[in-house]
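>>> sequence first, then the predicted structure:
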Amino acid sequence: MQVGSSYLGEPIARVEDPRLLTGGGRYLDDLGQDAVELAVLRSPHAHARILDIDVSGAIDVPGLLAIYTYDDLSGPLAEPLPLLIPHPSISAGRTQYVLAKDEVNYVGEAIAVVVAENRYLAEDAAERIEVSYELLPPVVGLVAAREAQQLVHRDVEGNVAAHFVQQVGDAAAAIAAAPHRLSLELSVERSASTPLEGRGVLARWDTDSQRLRVWTSTQTATGVRAAIAARLGLDLGSVEVITPDVGGGFGVKIVHPWPEEVLVPMAARALGRAVKFTEDRREHFISSAHERAQLHEVEVGFDDEGHLLGLSVRFWHDNGAYLPYGLIVPIITSTQLLGPYKPAAYRVEFESLYTNTVIVTPYRGAGRPQGVFAMERTMDAIAAELGIDRAEVRARNFIQPEEMPYDHGLIFQDGRPLVYDSGDFPATLDKLKALVGWDEWPAYQAQARASGRKVGLGLACYVEGTGVGPYEGGHVQIETTGKVKVSTGLTSQGQGHQTAFAQIVADELGVAISDIEVVTGDTRRFPYAVGTFASRAAVMSGSAIALAARAARAKILRVAADALEAAAEDLEIVDGMVRVKGAPGNEIALGTVAVLSNPLRYAFDEASKAATQFAVGDPDLPPVAEDDEPGLEGKDYYSPLRSTFANGMHAVIVETDPDTAEVAILRYCVVHDCGTLINPRIVEGQIHGGVAQGVAGALYERMAYDESGQLQNASFMDFLMPYVSEVPERIEIDHLETRSPLNPLGIKGAGEAGVIPGAAVFASAISDAEGFQITAMPISPSELFELRRQHAANAAQKGTQP
């Protein structure tokens, strides 16, 4: 880049990539080669009462160090794990124990742990533990949960964990009085994050200092730290949590503490040894977390032009066997369902239900894909009912730019009002229509049909709440070498934080990217943070780091002004030099300013001589002023009034095979608005990854449970994931930048954008290709083939052409 040019908005290559791509990454299982290892005995049954646990057969396994069951726990360790996000609508919140007490409620629930010299020996010992069960009838799937003929928890009536209602206006009256009405039944099945690296934790207990150091593959180092301290009865300052390189998170690693994150430190303290647990792939499938499963009933009333007069949505959310993360996912569904639209009246009601399956917590998109699917299917149905262009129906219901900020009159997942801060939805739609060739589509489709091809164009719009509070912090320190050290408490899982945060600091301090080091997720460097989720890192930590850098810059200019005998306002920082504007040569290096900022008694080298007591300072004043401190650094926190709201629109062109019903993707187009772009290359990379997961959720991935609660596809041999051959070869992307007024950089989040409209946009495209509505996702070729058969049979019965 040119001297003095801006880094913000530049698509520079990620600085972390050379290390990661050449095998330099250090993931959890790369650490603790001297550690003993922990294995978990898990329930083979979805619902059973534990009658007895006999560990005698495991005692003689060589290398065995310890076996723990629930009966070995006491104090806070013996209490249920926390319900992390309480909500007044939760009527029966249930969370699991770190080791099952009396009863198991899903296949994979932890019953006992074994610590041995290595994982092989620990597994051998675990296999020899005998558990006697009384089998209980399982509740599998939302239909069974609603019927409630059997209960997951005996004291939870109807399997209902929570009942939630929000409304603006009288939706029922508006629908009843509307000229047109439609009802839709829609469903989305279970899927899961399945990051490349599963969960893992390593702990070391220092007997001399009585301190615990933990490494864990998490999305919230500070949250894990607080949870471990509480469970083990330690002061927060006695626990350090470090996040190494993390091989993907996508939401599953925001849950904390996992049982293993408590059990491993417990064992490390008890044994005086470093202890490690690394989750294998089957364990991740059956004992981590899933998401997505919901059933929706939609009623909508609209006028002759397609304007939404009333919208009522009722849905059921499968939260699995326990509720550790509260109602975040269904609340997001209920509020983000509205997207860029403004119905005159809106009512939403949901029940969150227990099932004897793996817990449900946020997975990239976190409730938004289900809501967008419901809303966009509704918009397409209105367009079909009235014979109006699908894009035009949407445009007629958009919130307009001049209406921003727009208050929906609802409460969002963060407990704050659902107020959109910025956006230009008509402009986004115009860009997408131009990008995909919307106006030329009818002619193309007619030509394709004439040659026997089935092609369809889908459209889906979304709004994404990002930058959720309560806060994040940043610390910026300038070393005497001129290098800049940056730290923030949230964690990284491949988002490019080391690059994006460095770009912010480089712009604020006028230094080169190569002179900046960024550290995340280490409580030793930054002890207070919330975590990485909800597309919040750039908004929250990016803003905090910018504020911290500005504080450091103010001190740089003040110290340099004394040295250069100039006014601070007359100085500028360019390429690591503080100089007087318009006076070439009258300058001082940033590292020298750092030396001068710390009055010294002793000189350690030539540079430090400049800061000793006989070299600097006014003898009539204290060396460090009352309102100052030594060193050249800045620290600040960013705590927003409410969330920022990014938005976007996707279009996809598909071709469905007339014989096999396979779906081929011909084109995929995205227009996205995340406010100020720190690094377009990183944003587009996030979109690419999200689109891949959107394709997966629409066409491939689902968790297949049988009636007994056994997961039938708990391996990558059986769980259908798209390869690179199934993901669009080229994703066409355009950007709109409407700045957020809520933070110093005008940023809105981007991490989940690509996945959110996946199910909706493919359903729209397949419906356009086939001529009938798709109401359940994901959809396989066999399911589409069966829908064709049913459609043809219905048409034949009515005497019409299919």
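Nice, I can see it.
>>> hang on, Gln445 packs against Lys454?
No - between Gln445 and Lys454 there is no contact under Cβ atoms under 8 Å: 9.5 Å. C-beta: built from backbone N, CA, C; applies to glycine.
>>> how long is stretch 461-470 from one end to the other?
28 Å (Cα to Cα, to the nearest Å).
>>> show me how far that stretch is from its chain's centre.
Chain-centre distance of stretch 461-470: 11 Å, with Cα atoms, centre = their mean, to the nearest Å.
>>> quick one: low-confidence ranges for this protein?
1-5, 611, 613-617, 801-802 (pLDDT under 70).
>>> so what are the domain limits for it?
17-23+470-638, 31-136+193-287, 367-467+642-797 (automatic domain parsing).
>>> adding mean neighbour count and distance to Val300, write the ones you listed out as CSV.
CSV is the format used below for the domains of the chain (neighbours: other Cβ atoms under 10 Å; distance: least, Cβ to Cβ, whole Å):
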stretch, mean neighbour count, distance to Val300
domain 17-23+470-638, 19, 28
domain 31-136+193-287, 20, 24
domain 367-467+642-797, 20, 5
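>>> turn these into JSON lines, columns for distance to Gln336.
Formatted as JSON lines, the domains of the chain follow (distance: least, Cβ to Cβ, whole Å):
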{"stretch": "domain 17-23+470-638", "distance to Gln336": "11"}
{"stretch": "domain 31-136+193-287", "distance to Gln336": "15"}
{"stretch": "domain 367-467+642-797", "distance to Gln336": "5"}
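>>> nearest to Glu297, out of those domains?
domain 367-467+642-797 (9.3 Å; Cβ to Cβ).
>>> start to end distance for that closest one?
Distance between the two ends of domain 367-467+642-797: 39 Å, counting by Cα to Cα.
>>> what's the closest of the domains of the chain to Ala345?
domain 367-467+642-797 (10.2 Å).
>>> can you pull out the helices in the stretch 551-700 of the chain?
Using DSSP state H, counting those that start in this stretch, the helices of the stretch 551-700 of the chain run over 590-596, 680-699.
>>> looking at these, which is nearest to Ala226?
Proximity to Ala226 (Cβ to Cβ) singles out helix 680-699 among the helices of the stretch 551-700 of the chain, at 28.7 Å.
>>> which strands and helices sit next to the closest one?
strand 663-673, strand 731-735, helix 758-770 (3 or more Cβ pairs under 8 Å, 6 or more residues apart in numbering; DSSP states H and E).
>>> after the host helix or strand of Glu351, which helix or strand is next?
Taking DSSP states H and E as the criterion, Glu351 maps to strand 346-353. Once the chain leaves strand 346-353, the next helix or strand it forms, by DSSP H and E, is helix 368-386.
>>> these two touch, right, Gly489 and Thr523?
Yes - the pair formed by Gly489 and Thr523 meets the contact definition of Cβ under 8 Å, at 7.2 Å.
>>> mutual contacts of the two, please.
Ala221, Thr222 (Cβ atoms under 8 Å, 6 or more residues apart in numbering).
>>> related to what we said a few turns ago, of all the domains of the chain, which one comes closest to Leu323?
Closest of the domains of the chain to Leu323 is domain 31-136+193-287, at 5.2 Å (criterion: Cβ to Cβ).
>>> the closest one: how far from the chain's middle?
That offset, for domain 31-136+193-287, works out to 23 Å (Cα atoms, centre = their mean).
>>> ok so, going back, including distance to Ser74, could the helices and strands packed on helix 680-699 go into CSV?
Listed next are those as CSV, based on distance: least, Cβ to Cβ, whole Å:
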stretch, distance to Ser74
strand 663-673, 52
strand 731-735, 54
helix 758-770, 46
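>>> of those, which is nearest Arg269?
Nearest to Arg269, of the helices and strands packed on helix 680-699 and by Cβ to Cβ, is helix 758-770 at 44.5 Å.
>>> by contact count, what packs against that closest one?
Using 3+ Cβ pairs under 8 Å, 6+ apart: helix 758-770 touches helix 368-386, strand 454-466, strand 644-656, helix 680-699, strand 776-777, helix 781-798.
>>> quick one, the third one and helix 680-699 angle?
Right, the one you point to is strand 644-656. Orientation of strand 644-656 against helix 680-699 (axes from the mean of the first three to the mean of the last three Cα atoms, to 10 degrees) gives an angle of 50 degrees.
>>> and the angle for strand 644-656 with strand 663-673?
Using the same axes, to 10 degrees: strand 644-656 against strand 663-673 is 160 degrees.
>>> return the list of strands paired to strand 644-656, each annotated with direction.
Sheet pairing of strand 644-656 (DSSP bridges) gives strand 454-466 (antiparallel), strand 663-673 (antiparallel).
>>> who wins for proximity to Glu472 among those strands?
strand 454-466 (12.9 Å).
>>> C-terminal to that closest one, what's the next element?
Using DSSP H and E, the first helix or strand after strand 454-466 is strand 472-478.
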